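Chemist: Sequence below, structure please.
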Amino acid sequence: MSFLETEYTSHHDSKCFGFFLRYHRKKQNLSLNYFADMIGITPSFLSDIEHGKKDVAEYTKKKIFHELFINQETYENHVCKFDIVTILQAILEFDMSFLHEVYTDIEDNMDIYMETSVFHQYILAYTLTYLFEDHKTFFFDEVFMKNFICILDIEEQHLLSVCYAYNLEKNQTWKEAQKEYNKIIQNYKFTKYQAIDAWLYFRLAELNLHLGDIYHSLVYCEKADEYLKKGLYLKRMYYNLVTKANIVSLLHQYDDAISLLDTILKKCEQDDKLCLHILNNKCAIALEQQDYPSLLLYAKQAKTAGYHSAYLSFYQAFAYLCLHDIEKSKESFINMKTITDPILQLMFSYCAHQIKGEDVSKDMKQMMDWIQNEYDFQTKKFLKTIVMQYHEQHSDYEQAYFISKL
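Modeler: This is a model prediction of the structure:
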């Protein structure tokens, strides 16, 4: 047995220490045995540390980190720049460049942050910012949740729970995410981090919209609006209003929905990402109405204003197709190799087969499979509109009606 294994004392951060040893090992794809050998302990002792079963002395931690990670000069000169409240405000303001800066700084200087007295807050910060990196989901698991949550105060526990639920959302496990959010709401005590309250309600509004629960989506949307106004989180408030416009359109109040989107658009002309989000939603509402002249108008207006996305190209191509302008529809196509969204790939494939007068039965079968198995209400609605249009185009109104009831 090495001296490292004989000297350890109780310390509340040891569970976090174990988590991060495990994090570094998995990140570098190192086996338990190899990693244990690197830091001079046995695999069984390392496993106990990783799972929070052993406490580790402070000088032991320092020895391990100085051996593995710390560049002394960097350590002495580095300043811990971020706090949870600032990060929450950035999330609510969609300040992605700041969040990326936080994420990168903590990623690059994990060892230094772990030497601070509040390093569990930096773990939270890292978890939050990691989730906001494009397409990333965190490796939450039972070990992480058990070992980490026990050292957090009540506000931080709520925040971690929201992170966990949001991670499930990003994995598109909508029902599981809903269960987690409901648990949070049932046990929730409103806390010093009002930004958590605002973010929680915003996520619930979005999630219930995905699940097709229009009533609860609207309830949470109004709640989110209340908290967002308190904190003056204007950008997130605008995103929340886009969600509200989608809910209004689901109630078939299409003109009101478009009017609300136009109002938001005028207020945020300097924010390209938000403008594109609004314009995509205007097109989606026109598509749902099967109002193809308006769909074409919105898509062309967006492109004329300098906005480009694969969805806008599809909306334009599909509108021309429905208006029987085959040549213009062809011109609207983009390079299929640049499309990563499987639904959009299918949509362009369907349009291409329609234009060439080819068999679309495979495309239709794939769409029907997704309609019958898709949990995301909005995706299902989008696909149903396309399939219904096809049947109506071929005067099969009975089948179109059947699709509308799925």
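Chemist: Can you tell me what sits against stretch 350-365?
Modeler: With contact meaning C-beta atoms under 8 Å, 6 or more residues apart in numbering, stretch 350-365 is reached by 314, 317-318, 321, 326, 329-330, 333, 346, 349, 367, 386-387, 390. (Each C-beta comes from the backbone N, C-alpha and C, glycine too.)
Chemist: Could you point out the helix or strand that follows the strand or helix carrying K273?
Modeler: Under the criterion DSSP states H and E, the helix or strand holding K273 is helix 272-289. Proceeding C-terminally, helix 272-289 gives way to helix 292-304 as the next helix or strand, assigned by DSSP H and E.
Chemist: After the helix or strand where E169 lies, which helix or strand is next?
Modeler: When secondary structure is defined using DSSP H and E, the element that contains E169 is helix 154-170. Using DSSP H and E, the helix or strand that follows helix 154-170 in sequence is helix 174-186.
Chemist: quick one: C351 and E206, what's the gap?
Modeler: Noted for C351: a distance of 29 Å to E206, by C-beta to C-beta, to the nearest Å.
Chemist: what's the answer for F45, then?
Modeler: Counting by C-beta to C-beta, the gap from F45 to E206 is 44 Å.
Chemist: To what extent is D262 buried, counted in neighbours?
Modeler: The burial count assigned to D262 is 12, neighbours taken as other C-beta atoms under 10 Å.
Chemist: Run through the residues that contact the residue nearest to it when sequence neighbours are not counted.
Modeler: Excluding the flanking residues, the one nearest D262 by C-beta to C-beta, 6 or more residues apart in numbering is K282, at 8.0 Å. With contacts defined as C-beta under 8 Å, 6+ apart, the neighbours of K282 are 258, 261-262, 298.
Chemist: Would you mind listing which of these are buried?
Modeler: Neighbour counting by 16 or more other C-beta atoms under 10 Å classes 258, 261, 298 among those as buried.
Chemist: I'd like these as CSV, with distance to A224 and pLDDT appended.
Modeler: Written out in CSV, the entries for those read as follows (distance: C-beta to C-beta, whole Å; pLDDT from 0 to 100):
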residue, distance to A224, pLDDT
I258, 22, 92
L261, 17, 91
Y298, 26, 91
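Chemist: ok, L241 - how many residues close by?
Modeler: A total of 20 residues lie near L241 under the criterion other C-beta under 10 Å.
Chemist: Over to it. Which of the three states is it?
Modeler: Using DSSP: H, G, I helix; E, B strand; the rest coil as the criterion, the local structure at L241 reads helix.
Chemist: That one contacts L260, correct?
Modeler: Yes: the pair L241 and L260 passes the contact test of C-beta atoms under 8 Å, sitting 6.4 Å apart.
Chemist: pLDDT value on Q316, please?
Modeler: Here the pLDDT value assigned to Q316 is 90.
Chemist: what packs against whatever helix or strand it lives in?
Modeler: Element membership for Q316, per DSSP H and E: helix 310-322. Contacts of helix 310-322 with other secondary structure elements, assessed using 3 or more C-beta pairs under 8 Å, 6 or more residues apart in numbering; DSSP states H and E, are made with helix 272-289, helix 292-304, helix 326-331, helix 342-355, helix 377-393.
Chemist: how deep is D108 tucked in, by neighbour count?
Modeler: With neighbours defined by other C-beta under 10 Å, the count for D108 comes to 11.
Chemist: That one: what's it in contact with?
Modeler: The neighbourhood of D108, defined by C-beta under 8 Å, 6+ apart, contains no residues.
Chemist: related to what we said a few turns ago, mean neighbour count, the helices and strands packed on helix 310-322: which tops it?
Modeler: Highest mean neighbour count of these: helix 272-289, a mean of 20 (counted as mean count of other C-beta atoms under 10 Å).
Chemist: pLDDT averaged over that helix, what's the number?
Modeler: On average, the pLDDT along helix 272-289 is 89.
Chemist: What of stretch 337-357?
Modeler: The average pLDDT for stretch 337-357 rounds to 83.
Chemist: for the stretch 301-406 of the chain, what are the low-confidence residue spans?
Modeler: Counting by pLDDT under 70, the stretch 301-406 of the chain shows low-confidence ranges at 335-336, 374-375.
Chemist: my read: L344 touches S309, true?
Modeler: No: using C-beta under 8 Å, L344 and S309 do not qualify as a contacting pair, with a distance of 9.7 Å.
Chemist: got a pLDDT number for R236?
Modeler: Confidence at R236, expressed as pLDDT, is 76.
Chemist: same thing with the one 3 residues further on?
Modeler: In this prediction, Y239 carries a pLDDT score of 83.
Chemist: Isn't it up against D271?
Modeler: No: Y239 lies out of contact with D271 (C-beta under 8 Å); the separation is 10.2 Å.
Chemist: quick one: which of those two has more around it?
Modeler: Ranked by neighbour count (other C-beta under 10 Å), Y239 and D271 place Y239 first, with 24 against 14.
Chemist: I'd assumed T304 was in contact with L312.
Modeler: No: shown here, L312 and T304 do not form a contact pair, counting by C-beta under 8 Å, at 11.0 Å.
Chemist: secondary structure element for the residue lying closest to N208 once chain neighbours are set aside?
Modeler: The spatially closest residue to N208, leaving aside those adjacent along the chain, is S217, at 3.8 Å (C-beta to C-beta, 6+ apart). With the criterion set as DSSP H and E, the secondary-structure element containing S217 is helix 214-231.
Chemist: before we move on, what about D369?
Modeler: Here D369 sits within helix 361-373, counting by DSSP H and E.
Chemist: how many other residues sit next to S217?
Modeler: For S217, the count of nearby residues is 24 (other C-beta under 10 Å).
Chemist: What separation do you get for it and L250?
Modeler: Applying C-beta to C-beta, the value for S217 to L250 is 8 Å.
Chemist: Kindly report the same for Q301.
Modeler: Counting by C-beta to C-beta, the separation of Q301 from L250 is 23 Å.
Chemist: How confident was the prediction at I264?
Modeler: pLDDT, the model's per-residue confidence, is 88 for I264.
Chemist: And for the host helix or strand of it, what's in contact with it?
Modeler: Of the helices and strands defined by DSSP H and E, I264 is found in helix 254-267. Here helix 254-267 makes contact (C-beta under 8 Å, 6+ apart) with 238, 241-242, 244-246, 248-249, 274-275, 278-279, 281-282, 285, 288-289, 291.
Chemist: run the last query once more with 10 Å
Modeler: For helix 254-267, contacts defined as C-beta atoms under 10 Å, 6 or more residues apart in numbering pick out 234, 237-242, 244-251, 253, 274-275, 277-279, 281-282, 284-286, 288-289, 291, 294, 298, 305.
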